[in-house]
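Chemist: Curious how this folds, go ahead:
(2 chains)
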Amino acid sequence: MATAAPKPFPARQAITFIAPRGGYFQMDFRELWLYRELLYFLVWRDVKVRYKQTVIGAAWAILQPFLTMVVFTLFFGRLARIPSGGLPYPIFYYSALLPWIYFSTALQTATNTMVDHQNVITKVYFPRLFLPLSAVVSGLVDFCVSFLFLIAMIVYYRIHPGPAVLLLPLFVLLEILTALGAGLWLSGLNALYRDVRYVMPFLIQFWLFASPVAYPSSLVPQRWRWLYGLNPMVGVIEGFRWSLTGHGQAPGKMMLLSAAVVVVILVSGVIYFQKIEGTIADFV
Amino acid sequence: MQRGYLRDAIGNWFHRRAKPQAARNTSREFWALRNVDLEVPHGEVLGVIGRNGAGKTTLLKILSRITRPTSGSAIVRGRIGSLLEVGTGFHPELTGRENTFLSGAILGMGRREIARKFGEIVAFAEIEKFIDMPVKHYSSGMFVRLAFAVAAHLEPDILLVDEVLAVGDIAFQRKCLGKMGDVSRTGRTILFVSHNMGAIGQLCQRCLLLHDGRVTDDGPPSRVIGEYLKACAVGNGSDAKNWDRTGSGRARIVSIEIMDGECQPCSTISMGREMRLRIAGEAEHADLEFSLAVQFVSAAGVPVLYLYDQFRNFRPGTGNRFLIELRIPNLLLMPGLYYLHVWIGRAGMEHYDYVKNAVSFDVIQGDEIPITMPMTQELGLVYRPLEAEQLL
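Modeler: Numbering: from 1, shown residues only, chains lettered A, B, ... in the order given. So this is what the prediction gives:
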């Protein structure tokens, strides 16, 4: 076989060092940056596939919280007469369901992401972090679509959000980080243990009742508030509702507690995920 | 390794707390690779051979960073690309165009790079007309062509190829090999894992023999391949304990032996020589009638030869045991490694025992056939002597 003379060794060439994991935290930010377009493509694919597969497409993003809102308004509002602090029930529920549905969907998608991509994980390398991350990011598209409907409702009910609305992005960020932190933990556990899948519906349901979606957090007795605040979604949902409508509790100590818990979940989630990502291909 | 159950993990955790020492020693250590120390210079084509489970795939998985080593390190200079499996990351709902970008990004290409090569990729795959159609409507041939085109245009500095994992028809396998030849001519480094000794000998400048995770030989392909075939002859893998078998088990195959025309056990047969197979087994009771089928499969997974007679029934002999000898007077398979699948059962009623990859053997080109040039599976999997008469 006629072989051409080998090229001289290229001067500028990426050097990869392959070694066992050392240390607890070794996130390679440079690599994440190099692969940034992959994150874009993963999110783009998720969104594209979702809107291609469902016939009603974008309407689904509004229908799901809307129909849940109708059910909650009828049963928790009209029948159980849960106090909404003078806020019309539809907007009381919709403004809580919006962050909740984003969170529960993102968490479930992120949890399944490693298992769903097992044929990719076992065949090619890329930063595995992008799988749960893309699940959390792509959920934001639905969130934005259903947010438009919330704006319409705010106009309809003649609610005038105060300057507190400027804090809204903060609550959105907090819930993204919560979904990501919990998603990192659960996607790793789900890849290692197959019964995590069966625990998820229960976990989501439990989490829903432990968050002020169907009721205001003022119903929780004062002396249990600290325990209640350990659930980061308490701060997120209560803050979300408060910043848009001015009703409910202004973020205080409970909010700080929630934020601290989010940091713990996220940092431990990243550490755990990095611990298992190197060998995950052998397990899924 | 496999996914476990959380409940077991929690159970084990409590168990371990209770009995700290005992539980920890139960898991036996197993090293897929051990003390592998090698340097591959820029532009070299390195073949890696060895039996199944020798650690070849693990080596590629570590180098491609799919899995991280427990200990040891490697330094890789340049972009790594792999032809482990094509179609990685394809989504059936998306169009060919969308999948090209997605799969390219997963393989490590940037958006601009894919856009630049897009025309070339589509032309290579010959699917211009269908590029905006969801790939779920593609034929399997179109799918593989597009998937391969994306992978082949990655232009890595180092290419990893695992033939064992490469699926697809023979045309696709050949395309893989052809692409490897092209890549090697441009002075890139290739690591090539294969059972196809012909391809290793043809493409590689150097060859590595792995055995139980260790490098047992490293040198010119001709010598290393010879070493490997010698090692194979010692025991040709007919260890019934590790068989991949299915069936009711009312009759079971116990051993399969490959022999030459003189009834000497062997694991290499020269083309054109006689081959005998002795299949021994036992049945539930003496009245259990069964028929027997043997399938020859090439190393690339292509079924080549099928031996069967539906109306030829066997019955167990004394002690409900049986021993059957099959003869192939002149074996005319092309040189290479072949596996045997053996089936016993009642046609259309019951599978008693079906053993896949029960034994393997090598066909080599001896001096029985009237050809001196090297024969390869590229030419065909089965050979027939030319029987011709000149009429004009």
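Chemist: where in chain A is pLDDT low?
Modeler: Residues of chain A meeting the criterion pLDDT under 70: A:1-13, A:22-25, A:55.
Chemist: now the helices for it?
Modeler: Remark: helices assigned in chain A by DSSP state H are A:29-34, A:36-53, A:59-72, A:89-116, A:118-121, A:130-156, A:168-192, A:196-209, A:225-228, A:232-245, A:253-277.
Chemist: ok, now chain B?
Modeler: Remark: helices assigned in chain B by DSSP H are B:6-18, B:20-24, B:56-63, B:96-107, B:111-125, B:140-152, B:170-185, B:197-203, B:221-234.
Chemist: What's the mean pLDDT across the last one?
Modeler: I take that to be helix B:221-234. For helix B:221-234, the mean pLDDT works out to 73.
Chemist: ok, and the closest non-adjacent residue to residue A:225?
Modeler: residue A:254 (6.1 Å; Cβ to Cβ, 6 or more residues apart in numbering or on different chains). Where you see a C-beta, it was placed from the backbone N, CA and C, and this is true even at glycine.
Chemist: what's the closest of the helices of chain B to residue B:77?
Modeler: Closest approach to residue B:77 among the helices of chain B is made by helix B:56-63 (12.0 Å; Cβ to Cβ).
Chemist: So is the closest one next to chain A?
Modeler: Yes. Using Cβ under 8 Å from any Cβ of the partner chain, helix B:56-63 comes into contact with chain A via B:61, B:62, B:63.
Chemist: hang on, the earlier thing: any chance of TSV for the helices of chain A, columns distance to residue B:221 and mean neighbour count?
Modeler: Putting the helices of chain A into TSV (distance: least, Cβ to Cβ, whole Å; neighbours: other Cβ atoms under 10 Å in any protein chain shown) gives the following:
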stretch	distance to residue B:221	mean neighbour count
helix A:29-34	36	11
helix A:36-53	37	18
helix A:59-72	59	17
helix A:89-116	39	23
helix A:118-121	32	18
helix A:130-156	40	19
helix A:168-192	39	23
helix A:196-209	47	14
helix A:225-228	69	14
helix A:232-245	60	27
helix A:253-277	37	18
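Chemist: Would you mind giving those as a markdown table with distance to residue B:283 added?
Modeler: As requested, the helices of chain A are exported to a markdown table (distance: least, Cβ to Cβ, whole Å):
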| stretch | distance to residue B:283 |
| --- | --- |
| helix A:29-34 | 60 |
| helix A:36-53 | 53 |
| helix A:59-72 | 60 |
| helix A:89-116 | 43 |
| helix A:118-121 | 41 |
| helix A:130-156 | 51 |
| helix A:168-192 | 43 |
| helix A:196-209 | 43 |
| helix A:225-228 | 68 |
| helix A:232-245 | 64 |
| helix A:253-277 | 48 |
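Chemist: what about the closest residue to residue B:225 other than its chain neighbours, how many residues close to it?
Modeler: Leaving aside its chain neighbours, residue B:225 sits nearest to residue B:197 (5.1 Å; criterion: Cβ to Cβ, 6+ apart). Neighbourhood size, residue B:197 [other Cβ atoms under 10 Å in any protein chain shown]: 25.
Chemist: Does residue B:197 touch residue B:47 like I think?
Modeler: No. Residue B:197 is beyond contact range of residue B:47, at 9.1 Å (criterion: Cβ atoms under 8 Å).
Chemist: any residues touching stretch B:46-56, and which ones?
Modeler: Stretch B:46-56 is contacted by residues B:32-33, B:36, B:40, B:59-60, B:162, B:164, B:189-195, B:197, B:200, B:203-214, B:221, B:224-225, B:228, B:232, B:237 when judged by Cβ atoms under 8 Å, 6 or more residues apart in numbering or on different chains.
Chemist: Tell me which entries of those residues lie within strands.
Modeler: Judged by DSSP state E, strands contain the following of the contacts of stretch B:46-56: B:162, B:189-193, B:206-211, B:214.
Chemist: looking at the helices of chain B, which has the lowest confidence?
Modeler: helix B:20-24 (a mean of 43).
Chemist: OK, contacts around residue 208?
Modeler: Chain wasn't specified; assuming chain A. A:100, A:104, A:214.
Chemist: wait, chain B
Modeler: B:38, B:46, B:47, B:48, B:49, B:215, B:217, B:218, B:224.
Chemist: Out of the residues you listed, list just those in strands.
Modeler: B:46, B:47, B:48, B:49, B:215, B:217, B:218.
Chemist: Sort out which of these are buried, if you could.
Modeler: If you count burial by 16 or more other Cβ atoms under 10 Å in any protein chain shown, the buried members of these come out as B:46, B:47, B:48, B:49, B:215, B:217.
Chemist: Pretty sure residue A:64 sits against residue A:101.
Modeler: Yes. At 6.2 Å, residue A:64 counts as touching residue A:101 under the criterion of Cβ under 8 Å.
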